[in-house]
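S.K.: based on what follows, work out the 3D shape:
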Amino acid sequence: MSDCWEHSDRVVCTHPGWTTLYTWSKVAASYYAIFSGSSRQQLILTDAHVTRNGDTAWVVIDENLLGPAMGHTVSALNLFVRQEGQWKVVAHHASSVMASR
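M.R.: Numbers count the residues shown, from 1 in each chain. Okay, the predicted model is just below:
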């Protein structure tokens, strides 16, 4: 995950149910906590839409999380910037999707 993100104070991340995190160090710590948890999860990405404007791009995508006792979908928006030929995430916002009624 570290390779995907810009390592700066301008990055921002909102995981579902979390308060917004600012700065790379806080975002990195959040992913460490998520990935080092005891529950194994599978992530299936669907319905991706990519838009690019110069050195900025955004991706809207559904993240389908499957775990031992649950499954749910998160809708995410990821903002990328291109620097020195590499695309890096500078913002991630994800919200849980309510089950259809």
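
S.K.: show me where pLDDT drops low in the protein?
M.R.: 69, 100-101 (pLDDT under 70).

S.K.: ok, 80 please
M.R.: 37-41, 67-70, 99-101 (pLDDT under 80).

S.K.: for it, what spans make up the helices?
M.R.: 24-35 (DSSP state H).

S.K.: need the contact list for residue 62.
M.R.: Contact analysis of residue 62 by Cβ atoms under 8 Å, 6 or more residues apart in numbering lists 45-47, 73-76, 97. Using the backbone N, CA and C atoms, a C-beta is placed for each residue, glycine as well.

S.K.: please pick the buried ones from the residues you listed.
M.R.: 73-74, 76 (16 or more other Cβ atoms under 10 Å).

S.K.: measure residue 12 to residue 96 for me?
M.R.: 19 Å (Cβ to Cβ, to the nearest Å).

S.K.: so residue 89 touches residue 77, yeah?
M.R.: No: Residue 89 is beyond contact range of residue 77, at 10.7 Å (criterion: Cβ atoms under 8 Å).

S.K.: which one of those two is surrounded by more residues?
M.R.: residue 89 (18 against 15; other Cβ atoms under 10 Å).

S.K.: residue contacts, the more buried one?
M.R.: 4-6, 11, 78-80.

S.K.: okay if I get those as CSV plus distance to residue 41 and neighbour count?
M.R.: As requested, the contacts of residue 89 are exported to CSV (distance: Cβ to Cβ, whole Å; neighbours: other Cβ atoms under 10 Å):
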residue, distance to residue 41, neighbour count
4, 18, 13
5, 20, 19
6, 25, 18
11, 23, 22
78, 19, 19
79, 24, 16
80, 24, 21
